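Participant: Sharing a sequence plus its predicted fold:
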Amino acid sequence: MNIIQLYTGCIAHAAYYLESNGEAAIFDPLREVAPYVERAAQNNATIKYIFETHFHADFVSGHLDLANQTGAQIVYGPTAKPKFNAHVATDGELFTVGDYKVKAIHTPGHTLESTCYLLIDEHGKEHGIITGDTLFIGDVGRPDLAQHVISDLTPDLLAGYLYDSIHNKLLPLPDSLIVYPNHGAGSACGKNMSTETTDTLGNQKRTNYALNPTLTKAQFTKQLLDGQRTPPGYFPENVLLNIGGYEPFNTILERGLHALPIASFTQKITNAMVLDTRSPNAFAAGHIPNSLNIGIDGNFAMWVGALIKGVKQPLLLVTDKGREIETITRLSRVGYDNVLGYLQGGFDSWKENNNPVETNTRISASEFEQQHQPSVLVIDVRNESEFEAEHVEGAVNIPLDYLQANLNRIPQNEPFILHCAGGYRSMIASSILQANGYTQFSDVEGGFAAIKKTSIPITTFVCQKIKTEYA
């Protein structure tokens, strides 16, 4: 079967391109749709359908732009109520793509409209299943997101629906099916996702905790809800964009691609946030006061969504030369469409015009080793699970996405050391702290990975990991 997974690592997202006999279908497309259109054109194929597994929370789908450009039909599962022209499938409905068949299987739980798509080849053999956020590799979709859009839903209610979907719809399917999920490790849509992005359904039945057939609904619900982190604030806003529509991507790109000279840029700062997407080291060496550093070479869009409140926030960009389009594109993936422009000439032009510049203190792990004393406060901005596994002895854990809400825990007039896993997140934290008046701290370049190579005492949580299989 001719199916291609198109994986975008920075938001841990997988779209799928299916093609047969001159017809194609796209599943869960990203905002920028040119790659899908170009692939179909190269193969002399017509995009017939755009299948959506659900109304996504963690990214803005490209369904509307793709439909407008190709004439393809948008398809959602049962109960979906999009505010634009789309076909709402019935449970079990079959769609033809060339010599292939696509069968809609309604699997509510992650959301009410969540639907999987069974892929049937030209010989009538069931080849694989596109599972969206219903089933991941190693996990299932969290059931606490739809409640932020539909107030009378509860996580327990949705978890019960998901339990029924798994037991009544997915577990009876053949073990040979290939599972094609919408996300991989790093996505906030689940808590235990594998770094693998496909697997057989049979192996998932044996190893995925949520597919254990012996679990009762109550046990399943408890296991699923335990340990779920608070969803990022932009999730409900992305859902509403996916339901109600949004501006075309080309409009967003055209509006944001304005090279602003110093005078224009400075004039707009009063009513906008300066987002500096350069590397942590470049930012530390010099940056515009009160700017937020989220490096483009990392999980950029995820951290933008987690840390910048409101997708309509006006943004002014400071980027490396030639990365303006990439930055605007990646912002648009999570609905941050209000880019007012970028600094013409980059940070160098700011500095050359004698504007005020701030720096951050970065120290090496060996310098941290020399400075380390039990009395020195160490703040670790990694996630709770990373911290619990191992951390600097005596360190305080304040995960980056909770930093702003926990500034009262950090003394403003005492020195402290800041670190993450490798130095990316700690520089984001540094920019937040500096903008809030903190100056007496140092950030460890190389993060915990470098610290572990020193003599600094590490506390390790020892846990014997056993591969679980269910008969």
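Facilitator: Here it is on my side, so go on. Numbers count the residues shown, from 1 in each chain.
Participant: what's near enough to touch Ala15?
Facilitator: Gln5, Leu6, Thr8, Ile26, Phe27, Asp28, Pro29, Leu30, Tyr36 (C-beta atoms under 8 Å, 6 or more residues apart in numbering). Every residue, glycine included, has its C-beta placed from N, CA and C.
Participant: how near is it to Asn21?
Facilitator: Here Ala15 is placed at a distance of 21 Å from Asn21 (C-beta to C-beta, to the nearest Å).
Participant: do Leu418 as well
Facilitator: 57 Å.
Participant: In terms of packing, which of these two has more residues around it?
Facilitator: Using other C-beta atoms under 10 Å as the criterion, Leu418 and Asn21 rank with Leu418 on top: 28 against 13.
Participant: Just want the phi and psi numbers for that one.
Facilitator: Dihedral pair for Leu418: phi -120, psi 140, per degrees, to the nearest 10.
Participant: Tell me if I'm right that Leu260 and Gly346 touch.
Facilitator: No. In this structure Leu260 lies outside contact range of Gly346 using C-beta atoms under 8 Å: 11.3 Å.
Participant: follow-up on the earlier one: return the member of the contacts of Ala15 nearest to Arg362.
Facilitator: Thr8 (29.6 Å; C-beta to C-beta).
Participant: Please name the residues that touch that closest one.
Facilitator: Contacts of Thr8 by C-beta under 8 Å, 6+ apart are Ala14, Ala15, Leu30, Arg333.
Participant: For the stretch 201-350 of the chain, just list every one of the helices.
Facilitator: 201-207, 217-225, 235-244, 249-256, 262-268, 280-285, 300-307, 324-332, 346-352 (DSSP state H, counting those that start in this stretch).
Participant: Just want to check the distance between the residue nearest to Pro155 when sequence neighbours are not counted and Leu158.
Facilitator: Distance criterion C-beta to C-beta, 6 or more residues apart in numbering; nearest residue to Pro155, sequence neighbours excluded, is Asp144 at 3.9 Å. Distance, Asp144 to Leu158, using C-beta to C-beta: 7 Å.
Participant: which of those two has more neighbours?
Facilitator: The neighbour comparison of Asp144 against Leu158 (other C-beta under 10 Å) goes to Leu158, with 27 against 19.
Participant: Check the secondary structure at that one for me.
Facilitator: State at Leu158, reduced to three classes by DSSP: H, G, I helix; E, B strand; the rest coil: helix.
Participant: Surely it and Thr107 touch.
Facilitator: No. Between Leu158 and Thr107 there is no contact under C-beta under 8 Å: 11.6 Å.
Participant: give the contact list for the residue located most distally from the centre of the chain.
Facilitator: The C-alpha centroid of the chain is most remote from Asn354, which lies 37.8 Å away (C-alpha atoms, centre = their mean). Contact analysis of Asn354 by C-beta under 8 Å, 6+ apart lists nothing.
Participant: and it, what pLDDT?
Facilitator: Asn354 is assigned 90 on the pLDDT scale.
Participant: Which segments of the protein make up each domain?
Facilitator: The record's domain parsing of the chain by automatic domain parsing lists 3-236, 247-352, 362-460.
Participant: What is the end-to-end distance of the second one?
Facilitator: For domain 247-352, the first-to-last residue distance is 37 Å (C-alpha to C-alpha, to the nearest Å).
Participant: go on, the first one?
Facilitator: Taking C-alpha to C-alpha as the measure, domain 3-236 stretches 31 Å from start to finish.
Participant: distance between that domain and the chain's centre?
Facilitator: Between the centre of domain 3-236 and the centre of its chain there are 15 Å (C-alpha atoms, centre = their mean, to the nearest Å).
Participant: thinking again about what came up before, let's see if you can find the most crowded of the contacts of Thr8.
Facilitator: Arg333 (26 neighbours).
Participant: need the contact list for that one.
Facilitator: Contacts of Arg333 by C-beta under 8 Å, 6+ apart are Thr8, Ile11, Leu30, Arg31, Glu32, Phe59, Val60, Ala301.
Participant: what's the neighbour count on the closest residue to Leu173 other than its chain neighbours?
Facilitator: Once flanking residues are discounted, Leu173 sits nearest to Leu201: 5.9 Å by C-beta to C-beta, 6+ apart. Neighbourhood size, Leu201 [other C-beta under 10 Å]: 23.
Participant: Quick one: residues contacting Leu201.
Facilitator: Leu201 makes contacts with Ile129, Leu170, Leu173, Pro174, Asp175, Ser176, Leu177, Ile178, Val179, as judged by C-beta under 8 Å, 6+ apart.
Participant: do Thr221 as well
Facilitator: Asp156, Ala159, Gly160, Tyr163.
Participant: which one among the residues you listed gets closest to Asn242?
Facilitator: Nearest to Asn242, judged by C-beta to C-beta, of the contacts of Thr221 is Ala159 at 22.4 Å.
Participant: OK, contacts around the closest one?
Facilitator: Gly109, Pro143, Phe220, Thr221, Leu224, Leu225.
Participant: With Pro457 instead?
Facilitator: Contact analysis of Pro457 by C-beta under 8 Å, 6+ apart lists Val392, Glu393.
Participant: please redo it, this time with the cut-off set to 10 Å
Facilitator: Counting by C-beta atoms under 10 Å, 6 or more residues apart in numbering, Pro457 makes contact with His372, Pro374, Val392, Glu393, Gly394.
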